[in-house]
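Chemist: Let's see this in three dimensions:
(chains A and B)
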Amino acid sequence: MEDMKEKIIFCRGGGCTAKLGAGALSSVLAKLPKKRDENLLVGFDSSDDAAVYRLNEDLAIVQTLDFFPPMVEDPYTFGKIAAANALSDIYAMGGTVKTALNIVCFPESYDLNILGEILRGGNEKVQEAGGVLAGGHSIMDTDIKYGLSVTGTIHPDKIYQNHGCQPGDVLILTKPLGIGIVTTANRVGEASGEAMQQAIASMTTLNRYAAEVLADYDVHACTDVTGFGLIVHLLEMLQDGHMARLAANQIPYIEEARHGAEEFLLTAGGQRNRNHAGDQVEFRIQDFAMEEILFDPQTSGGLLAAVRPEQATEILQRVQALGLPCGIIGRVEESTSDRTNHRTKVIVEQNL
Amino acid sequence: MRKIVVNAMGEQCPIPVVKAKKAMAELPQEGGEAEILVDNEISVQNLGKMADQKGLKWNSEKTAEHEYHVHIFVGEGQEKPKVKAAEEEVCMPDRRGHSVAVISSSVMGNGDDELGKILMKGFIYALSQLDTLPETILFYNGGVFLTTEGSDSLEDLKSMEAQGVKILSCGTCLNYYGLTEKLQVGSVTNMYVIAEKMAGASNLIRP
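Modeler: A predicted model of the protein is given here:
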């Protein structure tokens, strides 16, 4: 493999850190005329993870696509991560993966073996998801980008939307945060091999297993945490009149991310997320690094689910058994009067 | 004062910060200035965040489309830079004076209310175009209809807020009109603050 020769070009601030800002996106989407179709159960109105279209009473299809530039140096690992990330949206809706199509941008001058390795990694993850790779589309580009368009199935009555959480619900996060900071630190040679291994282990893990655990319980809302970071994804889950209270000491994260944040190895995406959240988030902690971790764009991040409090401990134990850092990170409440600002939707305390 | 200029144009985060840290480390003991050139505002904000966390003075100026100069001052003996708050003045000159505008009605002047509404909208717009913006705009009684849902002036007010103008709405009034949850711009205030702002103003502007 000649990937090392290309690595500077191969890996240039990739993964979900390359996502457009949430604010920029919604202003553009709001201008598109909308066509009503009663069978489109989930569209982009609710900024949900994937689209769901009902075919008949018992069956709907879930569609999603995701692709991005590399965030690791090894093409095979990148393929696995990009695929796990694209497949994740199906799991965030509660669906089952059926087919996947490759999306490839690749420079003509590069060694085709690099592409072969990327696709090998992607294919392995599609198979692990129980799906089948059914084709794809490749174009020449100045930089590498890869991802998948994925189709799955779901029962129309059993969709996890991203905005159904209720006061009293407990929030569970199934993977550690800090992926963006660690991969960014790695890009400037300041991440340890161990931290990168933790990040890669997390990014290549399918959300399938956590979703299968959640399927046994009452999930009121679910999303996967990706480019918008924990805070902005959480904001999208909260309806009017509701807010969330997070416990900083319960947030699972890759330990070295704290060091990276303290060295200001921060992404543009994280700052965009901070700008987007604005005064909707109130930090009652004196912990700059934790703030950055909560805004950090995640690639192939975990599921964030709102569940009934009496089921939370059991769910957490079962998700913990899957082997990644995870936690009960907070709860959903009625909007309270202890907010300093009426727009506050998330309050971060040291502990709850 | 020693000054090191770093060109980080075309570089993505966190490279500008990494280059800035390196330059700052090279400055002599007695201090100096690192000037970092970047091509986007997010980089300015990330550099400012670092300077703030390190307790250093910094400011920035937008010199051209896609060109920003960030000045970070390290150590003793530096010239007193004009301290700028990151989110307020990253790329706009400070246009605020010390005047306070008071809006106590949703209409301007006495007579026909339809006309009064149009005039008020025009007034707020004109306010936002002044060379010197007011420091604070106070909204009370019927004035709170302008800071809440359905107001025609939200964009103008948000633009002024983005430039550092304080937009304050009377809490009692919002509550009275049932608009507390519908506030769209600025924050809620009370009569003490309203009195204090009016008393401390260099001049009061009333439509």
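Chemist: Please save the CA atoms from stretch A:182-196 in PDB.
Modeler: Backbone C-alpha positions of stretch A:182-196 (Å, rounded to 0.1, in the frame of the first residue of the first chain) are rendered in PDB as follows:
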ATOM      1  CA  VAL A 182      -8.800  13.200  18.900                       C
ATOM      2  CA  THR A 183      -8.800  12.700  15.100                       C
ATOM      3  CA  THR A 184      -7.900  16.400  14.700                       C
ATOM      4  CA  ALA A 185      -5.100  16.100  17.300                       C
ATOM      5  CA  ASN A 186      -3.900  13.100  15.400                       C
ATOM      6  CA  ARG A 187      -3.800  15.100  12.200                       C
ATOM      7  CA  VAL A 188      -1.200  17.500  13.700                       C
ATOM      8  CA  GLY A 189       0.700  14.700  15.400                       C
ATOM      9  CA  GLU A 190      -0.600  15.300  18.900                       C
ATOM     10  CA  ALA A 191      -2.700  12.200  19.600                       C
ATOM     11  CA  SER A 192      -1.400   9.100  21.200                       C
ATOM     12  CA  GLY A 193      -1.700   5.800  19.400                       C
ATOM     13  CA  GLU A 194      -3.900   4.600  22.200                       C
ATOM     14  CA  ALA A 195      -6.400   7.500  21.900                       C
ATOM     15  CA  MET A 196      -6.600   6.900  18.100                       C
END
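Chemist: Next, report how far that stretch is displaced from the centre of its chain.
Modeler: 20 Å (CA atoms, centre = their mean, to the nearest Å).
Chemist: Check stretch A:289-296 too.
Modeler: Averaged C-alpha coordinates place stretch A:289-296 at 15 Å from its chain's average position (CA atoms, centre = their mean).
Chemist: Got the domain ranges for chain A?
Modeler: Domains of chain A are assigned by automatic domain parsing as A:7-154, A:170-349.
Chemist: Tell me the helix or strand right after the lowest-mean-pLDDT helix or strand in chain B.
Modeler: Taking all helices and strands of chain B together, the one with the lowest average confidence (mean pLDDT, DSSP states H and E) is helix B:86-89, at a mean of 38. Tracing the chain past helix B:86-89, the next element assigned as helix or strand by DSSP states H and E is strand B:100-103.
Chemist: Can you name the residues that contact the residue lying closest to A:Lys145 once chain neighbours are set aside?
Modeler: With CB to CB, 6 or more residues apart in numbering or on different chains as the measure, A:Cys105 is the residue that lies nearest to A:Lys145, at 4.0 Å, once sequence neighbours are left out. Glycine gets a C-beta too; all of them are placed from N, C-alpha and C. Listed by CB atoms under 8 Å, 6 or more residues apart in numbering or on different chains, the contact partners of A:Cys105 are A:Phe67, A:Ser138, A:Ile139, A:Met140, A:Asp141, A:Asp143, A:Ile144, A:Lys145, A:Tyr146.
Chemist: A:Cys105 and A:Phe67, how far apart?
Modeler: Taking CB to CB, to the nearest Å as the measure, A:Cys105 falls 8 Å from A:Phe67.
Chemist: shared neighbours, those two?
Modeler: In terms of CB under 8 Å, 6+ apart, A:Cys105 and A:Phe67 are both contacted by the residues A:Lys145, A:Tyr146.
Chemist: Per the annotation, how does chain B divide into domains?
Modeler: Per automatic domain parsing, the structural domains of chain B span B:2-88, B:100-205.
Chemist: Of those domains, which is nearest chain A?
Modeler: domain B:2-88 (4.2 Å; CB to the nearest CB).
Chemist: quick one: the closest one near chain A?
Modeler: Yes: contact between domain B:2-88 and chain A is present through B:12-15, B:17-18, B:21, B:40, B:42-43, B:45-46, B:49-50, B:53 (criterion: CB under 8 Å from any CB of the partner chain).
Chemist: count of residues packed around A:Leu29?
Modeler: Using other CB atoms under 10 Å in any protein chain shown, A:Leu29 is surrounded by 12 other residues.
Chemist: if we can go back for a sec, how far does the one helix or strand the residue nearest to A:Lys145 maps to sit from the chain's center?
Modeler: Following DSSP H and E, one finds A:Cys105 within strand A:96-106. For strand A:96-106, the distance from its own C-alpha centre to the chain's C-alpha centre is 17 Å (CA atoms, centre = their mean).
Chemist: Grab the most central residue of chain A for me.
Modeler: For chain A, the residue whose C-alpha lies nearest the mean C-alpha position (CA atoms, centre = their mean) is A:Thr226; its distance is 2.4 Å.
Chemist: So that one: helix, strand or coil?
Modeler: When classified by DSSP: H, G, I helix; E, B strand; the rest coil, A:Thr226 comes out as coil.
Chemist: All the helices of chain B, residue numbers only.
Modeler: In chain order, chain B shows helices spanning B:15-26, B:41-53, B:86-89, B:113-128, B:154-162, B:171-176, B:191-200, with DSSP state H as the criterion.
Chemist: Model confidence score at residue 18, please.
Modeler: Assuming you mean chain A. Among the per-residue scores, A:Ala18 holds a pLDDT of 66.
Chemist: Correction: the question concerned chain B.
Modeler: At B:Val18 the predicted local confidence, pLDDT, stands at 93.
Chemist: what's the closest non-adjacent residue to it?
Modeler: Distances taken as CB to CB, 6+ apart place A:Val188 nearest to B:Val18, at 5.3 Å, with adjacent residues excluded.
Chemist: wait, doesn't that neighbour sit right on B:Ile15?
Modeler: Yes: the pair A:Val188 and B:Ile15 passes the contact test of CB atoms under 8 Å, sitting 7.2 Å apart.
Chemist: So for those two, which sits in the more crowded spot?
Modeler: Here A:Val188 and B:Ile15 are compared on neighbour count by other CB under 10 Å; more neighbours surround B:Ile15, at 18 against 14.
Chemist: Pretty sure B:Asn7 is one of the things the more buried one touches, is it not?
Modeler: No: using CB under 8 Å as the test, B:Ile15 is too far from B:Asn7 to be in contact (11.1 Å).
Chemist: mind exporting stretch A:99-113 as CSV, just the C-alpha atoms?
Modeler: As requested, the backbone C-alpha atoms of stretch A:99-113 are provided in CSV (Å, rounded to 0.1, in the frame of the first residue of the first chain):
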residue,chain,number,x,y,z
THR,A,99,-29.3,-2.6,0.6
ALA,A,100,-26.5,-0.2,0.2
LEU,A,101,-24.9,1.7,-2.7
ASN,A,102,-21.4,3.0,-2.7
ILE,A,103,-20.8,6.8,-3.2
VAL,A,104,-17.2,7.4,-4.3
CYS,A,105,-15.2,10.5,-5.2
PHE,A,106,-11.6,9.7,-6.2
PRO,A,107,-8.7,11.5,-7.8
GLU,A,108,-7.7,10.0,-11.1
SER,A,109,-4.0,10.2,-10.3
TYR,A,110,-4.2,8.1,-7.1
ASP,A,111,-3.4,4.5,-6.7
LEU,A,112,-6.6,2.5,-7.3
ASN,A,113,-5.5,0.1,-4.6
